[in-house]
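Trainee: after the sequence you'll find the predicted model.
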Amino acid sequence: MNEKKQAAAEQHAGGTFELQGALRSLAVPFLAIVTAMILGALLIIFTDTTVIAAWGEGLGSGLRRSWEVIALAYGAFFTGAFGDVYHITETLRIATPYIFAGLAVAFGFQGGLFNIGAEGQYFIGGLATVFVGYSIKGLPMIIHLPLALLAGALGGALWAGIVGFLKAKTGAHEVINTIMMNYIAYRLAEFMLDVGGLMAREGYRPVSPEIQPSAYLPQFFPSDTTIRFNAGFLLALGVAAFIWWLLYKTTLGYEIRTVGKSPHAARYAGINVPRTIVITMAISGALAGLAAPADILGVIHFMPNSFASGYGFDAIALALLGKSNPVGVVLASLLFGALRAGATNMQGIANIPIDITSVLQGLIIVFIAAPEIIRAIYRFRGLEEGEGLVLTQGWGQM
């Protein structure tokens, strides 16, 4: 009986310790967001001419006008992100491609690879998706839509797989190669839409033909054309769940994470390191390639020449914020979606430049990347040594 009580006590203590560790790990991101919002408020005050003029009239006028400007700006911001059904769904819609792109970079991190080419893989995925979307006619949605999604994933996988092959066979650095592949993807898209004529629609706009309705992602509110929220969000959540299962519940995932932590130890353990590198980069590219169908199949239904989104580069921040964990990436993507949706409303109502959002994103990333700043400001004990997640160890090594 005493042994059972002791075991129960140890189990309870272990659960309490895990809960405390989880709360501590969540404290830094939360306080990073709060601190960034405070600094953002100060930036709004210092750049608003009416506030500066009010401070010239006296302390009372300055404080009153400062509060009015901040309340208007952040009120518009939160309304734009969560104010009603339209704004909530718009936040989720914007977050959808972020989830795919963030998963792409996070998956590479787990394998010890820095995939900085998600933007180019997004482009190639878009080209493949839109080609399958408009060129194949007469298929039912149940066949055409999966084909278009698969085309985007395969396009991104092929583009990143080239880098993985070069890394595995020659040791060529994936950062350099993915950057170069980005520029090739940009120019290839321009050629296809501007010069090559393979995809260009008649008229003055360099865009692709519109995809067939059978390749559209289903809309959640088809009767309301102002709401663009579609099934791509559920697809993104499903893919995130699959990536979590792949990383933490399969042999392949174990091999990928082992190679990411120590390629030499993985090779000693009998893991085929070159094959794992190629697979890791291909899956990472496939995830980035799926970000493009979320926009093309769900929102705009064609591919314009000015398709550059910045998703691929924001994805690096998402992977860092999410600590390379699929669940964390989803939460970070929702945050970025809210920032983007709220910033648009803040600019329209409060006349605050949308660049303030970029400043907020940058501040959040800085505080997350340097958690000791937050711990020093708020004076709380951080994670115990060895408790935090290491994003990558030895990426770039063989």
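Mentor: Structure received.
Trainee: CA atoms for contacts and neighbours, from now on please.
Mentor: Will do.
Trainee: count the neighbours of Asp48 for me.
Mentor: Applying other Cα atoms under 10 Å, we find 15 other residues in the vicinity of Asp48.
Trainee: tell me the spacing between it and Asp194.
Mentor: Plainly put, Asp48 is 42 Å away from Asp194 if you go by Cα to Cα, to the nearest Å.
Trainee: do the same with Phe30
Mentor: 45 Å.
Trainee: likewise for Gly126?
Mentor: 16 Å.
Trainee: helices along the stretch 201-350 of the chain, start to end?
Mentor: Along the stretch 201-350 of the chain, the segments classed as helices by DSSP state H, counting those that start in this stretch run 232-249, 251-261, 263-268, 273-295, 311-321, 326-350.
Trainee: out of those helices, which gets nearest to Tyr378?
Mentor: Nearest to Tyr378 among the helices of the stretch 201-350 of the chain is helix 311-321 (19.5 Å), distances taken as Cα to Cα.
Trainee: still on that earlier bit, Phe30 and Asp194: who's more crowded?
Mentor: Neighbour comparison, Phe30 and Asp194: the larger count goes to Asp194, with 19 against 13 (by other Cα under 10 Å).
Trainee: which SS class is that one?
Mentor: helix (DSSP: H, G, I helix; E, B strand; the rest coil).
Trainee: that one is in contact with Pro206, isn't it?
Mentor: Yes: applying Cα atoms under 8 Å, one finds Asp194 in contact with Pro206, separated by 5.5 Å.
Trainee: and the nearest residue to Leu145 once chain neighbours are set aside, what does it touch?
Mentor: Residue nearest to Leu145 in three dimensions, not counting chain neighbours: Ala215, with 4.3 Å by Cα to Cα, 6 or more residues apart in numbering. Contacts for Ala215 (Cα atoms under 8 Å, 6 or more residues apart in numbering) come out as 133, 141, 144-145, 148, 297.
Trainee: still on that earlier bit, just say which of the helices of the stretch 201-350 of the chain is most tucked in.
Mentor: Mean neighbour count (mean count of other Cα atoms under 10 Å) peaks for helix 273-295 among those, with a mean of 29.
Trainee: in space, what's closest to Ala172 - neighbours in sequence excluded?
Mentor: Leu166 (5.7 Å).
Trainee: next, the buried residues of the helix or strand the one you found falls within.
Mentor: Here Leu166, judged by DSSP states H and E, is contained in helix 141-170. The neighbour-count check on helix 141-170 (16 or more other Cα atoms under 10 Å) flags 141, 144-145, 147-168 as buried.
Trainee: how far is whichever helix or strand comes after that helix from where the chain is centred?
Mentor: Downstream of helix 141-170, the next assigned helix or strand under DSSP H and E is helix 174-190. Distance of helix 174-190 from its chain centroid, counting by Cα atoms, centre = their mean, to the nearest Å, is 19 Å.
Trainee: do I have it right that Gly62 meets Gly56?
Mentor: Yes: using Cα under 8 Å, Gly62 is in contact with Gly56, at 7.4 Å.
Trainee: the two: which has the busier surroundings?
Mentor: Remark: of Gly62 and Gly56, Gly62 carries more neighbours, 19 against 11, as counted by other Cα under 10 Å.
Trainee: which SSE is the more buried one in?
Mentor: helix 59-82.
Trainee: that helix: how far from the chain's middle?
Mentor: 29 Å.
Trainee: name the residues of that helix that come out as buried.
Mentor: Buried residues in helix 59-82 (16+ other Cα under 10 Å): 62, 65-66, 69-70, 72-82.
Trainee: tell me how many other residues surround Val175.
Mentor: 18.
Trainee: got the contact list for Ile349?
Mentor: Per Cα under 8 Å, 6+ apart, neighbours of Ile349: 73, 76.
Trainee: next one: Thr89
Mentor: 227-229.
Trainee: scan those and report the most crowded one.
Mentor: Neighbour max across the contacts of Thr89 (other Cα under 10 Å) = Phe229, 25 neighbours.
Trainee: now that one. Its backbone dihedrals?
Mentor: As for Phe229, its main-chain torsions (degrees, to the nearest 10) stand at phi -70, psi 130.
Trainee: change the start of the numbering to 57 and stick with it
Mentor: Yes, from this point I'll number from 57; that puts the last item at Phe285.
Trainee: and it, how far from Ser414?
Mentor: 24 Å.
Trainee: what residue spans form the domains of this structure?
Mentor: 75-139+399-447, 144-377 (automatic domain parsing).
Trainee: of those domains, which is nearest Leu391?
Mentor: domain 144-377 (7.9 Å).
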